[in-house]
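A.B. asks: please work out how this folds:
(chains A, B, C and D)
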4 protein chains.
Amino acid sequence: MDKYSVIISNFGNRADRFLTGYGEDRTLKQLFEAAQRTEGLGGVELVGTWHITERNVAEIGRLLRDHGLKLVSIIPDHFATLVYSRGAFTSKDPAVRAQAVRDTQVMMDAAAELSCDLLNIWNGQDGYDYSFQSDYQVERDWLVEGIRACAAYRPEIRISLEYKPKEPRTHSFLGTAAGALLVAQETGLPNVGVTIDVGHAFVAYENVAESVVILSRAGGKLFHMHMNDNYRLWDDDMIVGTVHTIEYLELLYWLDRVGYQGFLSLDQYPYREEPEDAIAESIGWLRALRTIVDRMGAERVGELLKTGDAAAASRLVRQAMMDELK
Amino acid sequence: MDKYSVIISNFGNRADRFLTGYGEDRTLKQLFEAAQRTEGLGGVELVGTWHITERNVAEIGRLLRDHGLKLVSIIPDHFATLVYSRGAFTSKDPAVRAQAVRDTQVMMDAAAELSCDLLNIWNGQDGYDYSFQSDYQVERDWLVEGIRACAAYRPEIRISLEYKPKEPRTHSFLGTAAGALLVAQETGLPNVGVTIDVGHAFVAYENVAESVVILSRAGGKLFHMHMNDNYRLWDDDMIVGTVHTIEYLELLYWLDRVGYQGFLSLDQYPYREEPEDAIAESIGWLRALRTIVDRMGAERVGELLKTGDAAAASRLVRQAMMDELK
Amino acid sequence: MDKYSVIISNFGNRADRFLTGYGEDRTLKQLFEAAQRTEGLGGVELVGTWHITERNVAEIGRLLRDHGLKLVSIIPDHFATLVYSRGAFTSKDPAVRAQAVRDTQVMMDAAAELSCDLLNIWNGQDGYDYSFQSDYQVERDWLVEGIRACAAYRPEIRISLEYKPKEPRTHSFLGTAAGALLVAQETGLPNVGVTIDVGHAFVAYENVAESVVILSRAGGKLFHMHMNDNYRLWDDDMIVGTVHTIEYLELLYWLDRVGYQGFLSLDQYPYREEPEDAIAESIGWLRALRTIVDRMGAERVGELLKTGDAAAASRLVRQAMMDELK
Amino acid sequence: MDKYSVIISNFGNRADRFLTGYGEDRTLKQLFEAAQRTEGLGGVELVGTWHITERNVAEIGRLLRDHGLKLVSIIPDHFATLVYSRGAFTSKDPAVRAQAVRDTQVMMDAAAELSCDLLNIWNGQDGYDYSFQSDYQVERDWLVEGIRACAAYRPEIRISLEYKPKEPRTHSFLGTAAGALLVAQETGLPNVGVTIDVGHAFVAYENVAESVVILSRAGGKLFHMHMNDNYRLWDDDMIVGTVHTIEYLELLYWLDRVGYQGFLSLDQYPYREEPEDAIAESIGWLRALRTIVDRMGAERVGELLKTGDAAAASRLVRQAMMDELK
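C.D. replies: Numbers count the residues shown, from 1 in each chain, chains lettered A, B, ... in the order given. Prediction:
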């Protein structure tokens, strides 16, 4: 039984680099109400400083209880704060690097207090834009040290690294599933793993189902999932399944097969849509796609995978979609 | 009622630049038998010199009749012959340019004799690989002149230009729907139009449904359709719908709406699949997708398009796919 | 002798969809001072409503004179205003469409008063994000009508359409050089042409030199140039030449050969750079690249292009870069 | 002092999936003569079964000596032989998997006999084309086991895994630098490392200089380099530096800094060029680019990298290119 959550800012306002304010600003309470209104959501992710600080933890606890939502993760803001605009864990400024660690630890304390065991780290500013701008050797050391310092601080909290090939930098240090896994391993700590954002994986030309397996077989390193869709070349953050229907089917099959128990968490940018509608649609698609995967059946898929017959794979998917399998 | 055809070489052997001969060579008769065996095919496209020459027209006529297949188009070979390896209509050698025209005209004669009114021109070698290799001004003149000379030769035969951004050259002169239309218009002749190969359109980052409209509204310039799928970055020539399911739905809707009457012709490279299976799967998908579009209904879609509501679009597609619309 | 200009907002603050305010806000006067300080700039482009309105035309005139800068174009804001967030010329709302035309005409009046004959139209919101969201037939009519209404209003002002494949929409109606040219031609008015933004052309997988020729040969339809660089997959708006050095060389050769007389106007997003430095660097590169092209020599290039010899092209470029040609 | 080599088949005939035989077939002796004629080449790579078999090792030894060339690596043919068309180490057929290991070991013996300590493994058929075609879990086990069996066979021979995101499969198991490194690590054997083909890295949207560092810092896992250029979206196998000049500069800087001692080996597909010219041009570019990097100077670059100032980086590169640094 899949569990759905959302990054709660999906219900708030949206901007791009040209236009600020496609929608309307909403209070924290309004964001929680929107989440509650959206049928199917069992949890939320909160962004550090946007929604949660060391001072409003009790209020957040009340909001979660009142709206019947679980705290799935906290995402420290390493990407939208001016101090991190030239890097967080890999800033050239040691004071900024220290602050990135400290800000993360504060959010780990908050998470612990709220019975949440997951921090999702999307350090989008840790990367570079131009050739001859970054000292890959030194800065990679900083990256590993920073993450290690966070993970060591509270071993009971899992640190999940969300990779993305680019944006806001033209190149991110954590760019692919394998690349993020290498960094997680280099920390030497068991509570560091990886988040797959499906759209980011598409941009990296990953087959996301294969990425699930790569992370999973490396000692259970698939910690979290962010769901959205795009046209493969940019992180368009669209409604799930509206572009890549078939790859989503395969993803759901493999999440089951590797025993993923976490939430499927929506991470969209509904610039010109009503956020509640866009989130509800993604849940609708995830349920529909699960129905199709169930029709395919684990046994039939298992037999199919032994053959590698692409036409047979096409037929099974198609007949399941059209509900023609007996 | 959609009509399906195939480029008959799809049933033959396949090579890539590394490996020659994924499958087996087949005689012309075997290719026709394979087409006949594949349920749903009403026609075939033949490649000039590979399948049809000025000397075997009568034999081709018999093969078509015997196997109950219509000749949908002839594709002159401007791409797999050494003489054209540095360009056909745009070769730096005037003798080669003249030969490209003459070879095309010979195929036009053959088409006429076989009651086929369509030549599909895929001049894949007309382009360039490096900066400072091509004189865009002069060579574009040659391109227009060559196509015009063909089209003028037999006004009753339609010349359809198949565009593709790249491969085998790193850049093709006919790279996009709009670019090919400009060249067609520059010939000044009414019997020059454009073929959309869906996979090529994906590689060009076109929304193929929009390309259908652009060509159609320019005076009925959508002459022909080639169907296949890919991962958007390269012409993988895969089974229809196995990657881009939703965009195919929208394509079928718009082909109907602009009144396209031609064949949906399969153009795949089933490197590692049984060709008959791969072609049958594409027909299976095209029928399934047509069923889903029919469920959506032209009226409902028409109302939807007036709103531009993306979540409502997602919902209609999803409910049609799951057969939840009353 | 190349002439350089800049969109004046390049000197102001920068945002992306995550972080607002990489730099500092600057007053109009400060923007002009920054332009004046930057050695080599002869002109500026202004964005409608951001910098210029119907009420501050006289002030703008003074600022231009005082800082010794020519007004190269006005860019009406069709992309950063909430009312246009779902389209300007192609909004589903007829009142918005009318406003888009009227806003443009107001800027045409301002341009005329300031002896500027060029409006650069980048209608980035005219497009769509999802399948089944846009009525390509109807909305393309609106697009052509809107542009025609602007162009007809003042035949002495040139309307230059800046194309871009995507962003902020996942698909723009004006996506490629050829596509924009088709729309310009469909208006039937001689004062409608096309702007090439080099980075947008890279994203469209165009060889930008070829695009220069396509527009130029269509009756002088290359109206304007925006210069920047990127990694080919997204509009990174970087310093000229820092990624695609060789293609820029070829571009400069062809701009000369087609007799382009306009400005080379910088359009960058120096998120993490000092804007003056980033603009000065682009001018530095454009001068350096012009020096290399001059070393190659029009005659040598002309001879080379008759051969299509890619290795010889590589050698000529390389030896010119290393100043090894006698 | 950089050392240059070439995969000797670069001098032979070229095909793409459409056209077989752009050039002419050459005997092994003619290939060696072409390599000898090309100024600057110090070594060659040979492809297993194409050039070298267990039966012609002595002849190869003589050819190497007679032409003054070092054997840089042997590349077993895992990609152009029908038996491997559906996978080598990951074939569903255990007999094929065993043969892939055995064929590799035979080449290791040949290498040892010829005093060559490097096998370059490009197992291009190990991957998949469609969703639901591959069992990622099981096949990844096979991949690791196969490579381990080779590496264990002769610990004194280094096994270098050449990654590539796609082609001939739509997805390769070894797709990125990080992904290949994970597999190398999973074998648990010290003589398994990674080859960077620069063009493959571009297609993976890697900054190749960063990939050099990632592999190098993981215990000296950068075993080998293949050099060529492309338009970033496909493995065009073009002359070095003709597209990505600046990134090549940064690459040369970092190869030096990590102490890479191996050959820079050319791996091109000069479809329409004279192979000798195309290879000579790449060597010409590599020398020119090395000159520019030398002008920049390790000390100046070191200082620059401490600042992360992109405009300063641009300036240093530009002034070095124009020889304006004192």
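A.B. asks: mind listing the helices for the stretch 51-200 of chain A?
C.D. replies: A:57-66, A:94-113, A:136-153, A:177-187, A:198-203 (DSSP state H, counting those that start in this stretch).
A.B. asks: what's next to the fourth one, contact-wise?
C.D. replies: It refers to helix A:177-187. A:140, A:143-144, A:147-148, A:151, A:161-163, A:173-174, A:192-194, A:196, A:201, A:204, A:206, A:211, A:214-215, A:218, A:221, D:176-179, D:181-182, D:214, D:218 (C-beta atoms under 8 Å, 6 or more residues apart in numbering or on different chains). Where C-beta positions appear, they are placed from N, C-alpha and C, glycine not excepted.
A.B. asks: next one: that helix to chain centre, how far?
C.D. replies: 16 Å (C-alpha atoms, centre = their mean, to the nearest Å).
A.B. asks: same question, the longest one
C.D. replies: On the basis of C-alpha atoms, centre = their mean, helix A:94-113 sits 19 Å off its chain's mean C-alpha point.
A.B. asks: contacts (any at all) between chain C and the helix ranked longest in chain A?
C.D. replies: The residue-count maximum for a helix in chain A (DSSP state H) belongs to helix A:275-296. No: applying C-beta under 8 Å from any C-beta of the partner chain, one finds helix A:275-296 separated from chain C by no less than 10.2 Å.
A.B. asks: whichever helix or strand comes after that helix near chain D anywhere?
C.D. replies: Sequence-wise, the next helix or strand downstream of helix A:275-296 (DSSP states H and E) is helix A:298-307. Yes: Helix A:298-307 is in contact with chain D by C-beta under 8 Å from any C-beta, via A:301, A:304-307.
A.B. asks: return the member of these nearest to chain B.
C.D. replies: Using C-beta to the nearest C-beta, A:Thr307 is the member of the residues of helix A:298-307 next to chain D that sits closest to chain B, with 11.5 Å.
A.B. asks: measure A:Ala311 to chain B for me?
C.D. replies: 4 Å (C-beta to the nearest C-beta, to the nearest Å).
A.B. asks: that residue: neighbouring residues, count only.
C.D. replies: 24 (other C-beta atoms under 10 Å in any protein chain shown).
A.B. asks: what is the burial count for the nearest residue to A:Tyr136 once chain neighbours are set aside?
C.D. replies: Spatial nearest neighbour of A:Tyr136, excluding adjacent residues (C-beta to C-beta, 6 or more residues apart in numbering or on different chains): D:Val213 at 3.9 Å. By the measure other C-beta under 10 Å, the count of residues near D:Val213 is 22.
A.B. asks: list the helices and strands the helix or strand hosting D:Val213 packs on?
C.D. replies: Per DSSP H and E: D:Val213 is located in helix D:208-217. In terms of contacts (3 or more C-beta pairs under 8 Å, 6 or more residues apart in numbering or on different chains; DSSP states H and E), helix D:208-217 is packed against helix A:136-153, helix D:177-187, strand D:192-197, helix D:198-203, strand D:222-227, helix D:245-257.
A.B. asks: just want the angle from that helix to strand D:222-227.
C.D. replies: Angle of helix D:208-217 versus strand D:222-227, following axes from the mean of the first three to the mean of the last three C-alpha atoms, to 10 degrees, is 160 degrees.
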